[in-house]
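Q: next input, structure requested:
(chains A and B)
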Amino acid sequence: MSGGKLSPKFLTASVLVSITYLVRPGAPPVVAASLVSSLQVAAVAPSQESERQREARLVEGAKKEGKLMFWTGGTAKDWQYVFSKFRQKYMFLTTDYWRATDADLYQKITTEARAGQYNVDVSGADVEYLQQLKNAGLMKKYNWPNTAGWSPQYKDREGYWIAHHVLCLVPAYNTNLVSAAEAPKSWDDLLDPKWNKAISMDKDGGDWVLMLWSAWGKEKTVNYLKQLARNNLVFGEGAGARTQMLAAGAVKIDVRLNLHQILEYQKKNAPLDWVRTDPILSRPGPLFIAQHAPHPNAAALFGDWFSSLEGQQTYYEASGKLVPDPKVKSHLSEALKGLKISVLPAELTVRGNEAGAIWRDIFWK
Amino acid sequence: MARYFLEIVPANPNSNASVTYRRPRSDTVLLIFTAALVVYLVLTPLGMLIWNSFKATPPGVPGPLTLDNFINAYLDPTLYPLVANSFLYATGSTVFAFFIAFTMAWLVERTNAPLRDLAYVIAIVSTIIPGMIASIAWLMLLHPRIGLVNRALINIFGFSEPPFNIYTMTGMIFIGGLRHVPIMFLLLAGALRSMDPSLEESAATCGSGISATLRRITLPLMLPASAAAMIYSFINAVEAFEVPALIGIPARIYVFSTKIYLVMHQSPPDDGLSAALGMTVLMIAVVGTVFYQRVVTRGERYVTVTGKGYRPRAIDLGKGRYLGTVFLFTFLFLDVILPMLVLVWASLLPYYQVPSMRAFRSLSLASYVNALKYPGVLQSAQNSLLLSVVGGCITMFLAAIISWIVVRSKVPGRRLLDFLAFTPIAVPGIVMGLALMFVYLNLPIPIYGTIWILLIAFVTKYMPWATRNTNAGLLQIHKELEEASEVSGASWWQTFRRVLVPLLVATFASGFLYIFSHIMREISTAILLYSPKSNLLSIIIWELWQAGTIAEVGAVSVMLVLLLGVVTFIGRKYVGRLSVS
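A: Below is the predicted model:
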């Protein structure tokens, strides 16, 4: 130490002494445990340890935490199955989930954060909210260990999120009301005035605008939507409910349903078929670890397991959705064989607000 | 048991005398504490609504105060159709509901129509069918393409076009009106039962016909209760969400509640605009409350329950009494049986279909098994029951004390207290959820994430209804009964407990059952406040609807209605024993 400045050596020594003091036998357990826990999660780079060492470290930390809190806009039943499999492997963890719409989920996360409370470890989010969550510092930058073989479209370049599924959204029609001959075959066919008031759609369409935007560009998308609006779409809420109404014959066509649900209904002999558009629109369903996760080791353990082949296979079995890991063989992959698929690129999600505004301007007025 | 003598005693309309009690200190403390508690409960969401309406930033984010939200709201050309739609919907459904509810109440309380007591069962069962479920059921009945009623009429009469279309303002008014009937009926029947029939009987003795007596005596005497019921229904309809969301949004008929919902669910949510729109709803509630208070102020001239006897004698409708029964059964069929049948039908199908041989072949009970196995369904049912019972009791107790202060005392600021107790009706459910979430995240009261924050939310949310109910009930009871108690040396609390509460048992019962059933089905406030440990059955139904599993929605709804039916039946039996005969 000279001239009143602290030398690096002195600083390092001081930090080491302090840490040794805090984690000494007899130190307050909360301080010691949290310090050890955060050091273990933050300081050890994945590259410096084997996969087994990493898991052992996370397991040790997660055992102390004992719990994982998961928030989702998805179906409780799907996640119950996933967590039952996860807990078969990590029985020491209890898992709780909280379910709401993506909009409510965003409200809850941000409002809690503003009050300095952090209750979520891992959460789903709609693509429209990703940028806002990232800007608010609520998503953790994480090195997802099992995603090397995934398409770059299914994970954030900086590691803030990964896709937990890939939703393929297709126009579908009721085969009792629309014959195969008159059924729409392309995007342009949906603009035919004969479908006036015969097409349903979700009242919220910001993510759908983004998907069209990524496939066609903004200008063509806006023009197309303006033409589509002339057919006076019938608004509903939730793809599941709209699929039921379409199967029952309430409308002839729905412009944006989940392909995996259509295939499920077809298995039940429901009179539904889908339009093989060029391209098929798809988007990732993001999943992220919270920046201030109260159980960081449990969150990391779940993140690692979920992105593994086992986790991906489990989620596919639970939900029937397409998952990003190409090694999981899916009936959707078969159905989509030979079709051009447009995936919403992660970079475009920053335009979520703009896309939402385009949707509202065209369809809510 | 003391016998009362029947005597016509009109209350003195010019009487301004207030009841004064020499209250022990504990009574004063109870009154002050209750008033303070209600003010606190109400000001939390209300303050948040007002504060947010003047801010451009979300709750908790510092930002300058601004009028931009109001400017944006009022310069938006879509606002004006919104106002017109809201007004039309609220007025139409209120008038429609009043017509049915008053007829039912009169048939039950004043006539000899056979099976008239069935009306209470109908009202209760109708109340316990959640609005969302009823709307879904009516969609399946009157949808232009798949509505079972339309299909049946087309098949029977060979219509080329479906005769009914649910996706219209008329459809909304019809369903919304049906949803308001039970509450109006309970309010009006309670008031009619408490009303001295001697004036009507005198009119009959003097040769006045049933219609003239109804027009000249019954309806004018019922004015405060009718006005209270209609004002409440109107404001409730302005705030109502379920019917406008399920019917109005697909039909592109927007009202305030759906617009607020849409701006709160857009990306990013516009808290300021939704608060500005919420403030507009609040202004409508203020106007309604002013009207209501005028009625209350003049209410004394209508006081009819006195220390004298007041058991009514049933009007003999002659052969027309069967028409009364037919009326009740028609309502029962429309409001309960038909929607329940369609729910049962939906619950037995793998996916919703109109009746056909193919559909009949696919019937099964699988959805009931799936619903019972749904994650957390039993825990949720337990939470919902607990909250409904405790919430109903606490709300009615607080409301009774508030009503006593408002109706009986001369305490300065009582009108403000009444107004405050009424204002939560104007706070949209999601805004109330957000407000409570924000407040209890920042206050050192550890209830966030527990079932207790939901209890606070529900007590606050249903305070307007409970106070309207107890105000109307209290208005019908003359002060002389309390004065007699006071003269006999009873304290305020003793009078309240031993004179007023027994006289108000019917009011309490109807209020409790209403709140009970509404808590069982509440979603919009609970959605931000529930935690994995405090999940509710209503949230599960909403999840199932979102997931598109209509069969499971039907199964849970059928089981819920059965459960509520049993609770209601037991409740009414028990209350029946407690009532003043």
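
Q: for B:V83, what are its contacts?
A: Residues near B:V83 by Cβ atoms under 8 Å, 6 or more residues apart in numbering or on different chains: none. C-beta coordinates here come from the backbone N, C-alpha and C atoms, glycine included.

Q: what helix or strand is it on?
A: helix B:79-110 (DSSP states H and E).

Q: helix/strand/coil for the residue nearest the centre of chain A?
A: Central residue of chain A (Cα atoms, centre = their mean): A:P286, 2.1 Å from the mean position. Three-state call for A:P286 (DSSP: H, G, I helix; E, B strand; the rest coil): strand.

Q: quick one: contacts for residue 353?
A: Looking at chain A here, since you left the chain open. By Cβ under 8 Å, 6+ apart, the residues touching A:N353 are A:128, A:131-132, A:206, B:267-268.

Q: let me rephrase: I mean chain B.
A: A:247-248, B:359, B:362.

Q: that one belongs to a strand?
A: No. The assignment for B:Q353, made by three-state DSSP, is coil rather than a strand.

Q: give the contact list for A:D325.
A: Per Cβ under 8 Å, 6+ apart, neighbours of A:D325: A:146, A:149-150, A:307, A:309, A:312.

Q: how about A:A248, what does it touch?
A: Applying Cβ under 8 Å, 6+ apart, the residues near A:A248 are B:146, B:351-354.

Q: so what's the residue count around the residue nearest to the residue nearest to the centre of chain A when sequence neighbours are not counted?
A: Leaving aside its sequence neighbours, A:P286 sits nearest to A:W161 (Cβ to Cβ, 6 or more residues apart in numbering or on different chains; 4.2 Å). The number of residues packed near A:W161 is 29, by other Cβ atoms under 10 Å in any protein chain shown.

Q: so A:W161 sits right up against A:K155, yeah?
A: Yes. Look at A:W161 against A:K155 with Cβ atoms under 8 Å: they come within range, at 7.2 Å.

Q: if we can go back for a sec, which among the contacts of A:A248 end up buried?
A: Buried members of the contacts of A:A248, scored by 16 or more other Cβ atoms under 10 Å in any protein chain shown, are B:146, B:351-354.

Q: where's A:G320 relative to B:I249, distance?
A: 28 Å (Cβ to Cβ, to the nearest Å).

Q: for the stretch 51-200 of chain A, what spans make up the strands?
A: Along the stretch 51-200 of chain A, counting by DSSP state E, counting those that start in this stretch, strands occupy A:67-72, A:94-99, A:122-124, A:162-174, A:199-202.

Q: confidence-wise, which of those strands is weakest overall?
A: Lowest mean pLDDT within the strands of the stretch 51-200 of chain A: strand A:94-99, at a mean of 88.

Q: need the residues of the stretch 101-250 of chain B near chain A, please.
A: For the stretch 101-250 of chain B, the residues in contact with chain A (Cβ under 8 Å from any Cβ of the partner chain) are B:143, B:145-146, B:167, B:245, B:249-250.

Q: how about those residues in JSON lines, adding pLDDT and distance to B:Y40?
A: Shown next, in JSON lines, are those (pLDDT from 0 to 100; distance: Cβ to Cβ, whole Å):
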{"residue": "B:H143", "pLDDT": "90", "distance to B:Y40": "45"}
{"residue": "B:R145", "pLDDT": "86", "distance to B:Y40": "50"}
{"residue": "B:I146", "pLDDT": "87", "distance to B:Y40": "49"}
{"residue": "B:Y167", "pLDDT": "91", "distance to B:Y40": "43"}
{"residue": "B:A245", "pLDDT": "84", "distance to B:Y40": "31"}
{"residue": "B:I249", "pLDDT": "85", "distance to B:Y40": "35"}
{"residue": "B:P250", "pLDDT": "83", "distance to B:Y40": "40"}
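
Q: can you report phi and psi for A:G137?
A: With angles defined as degrees, to the nearest 10, A:G137 sits at phi 70, psi 30.

Q: leaving out chain neighbours, which residue sits closest to it?
A: Using Cβ to Cβ, 6+ apart, the closest residue to A:G137 is A:Q291 (5.8 Å).

Q: and B:L365, what does it touch?
A: B:L348.

Q: what do you get if the cut-off is 10 Å, keeping everything else the same?
A: Contacts were defined as Cβ atoms under 10 Å, 6 or more residues apart in numbering or on different chains; by that measure B:L365 touches B:347-348, B:555.

Q: what does B:S226 give?
A: So B:S226 contacts B:98, B:101-102, B:105, B:184, B:187-188, B:191-192, B:219-220, B:295, B:472 (Cβ under 10 Å, 6+ apart).

Q: am I right that A:S282 falls within a helix?
A: No. Counting by three-state DSSP, A:S282 falls outside a helix, being strand.

Q: for it, give its distance to B:R145.
A: 30 Å.

Q: who's more crowded, these two?
A: Neighbours were tallied for A:S282 and for B:R145 using other Cβ under 10 Å; the higher tally belongs to A:S282 (24 against 18).

Q: great, nothing more from me.
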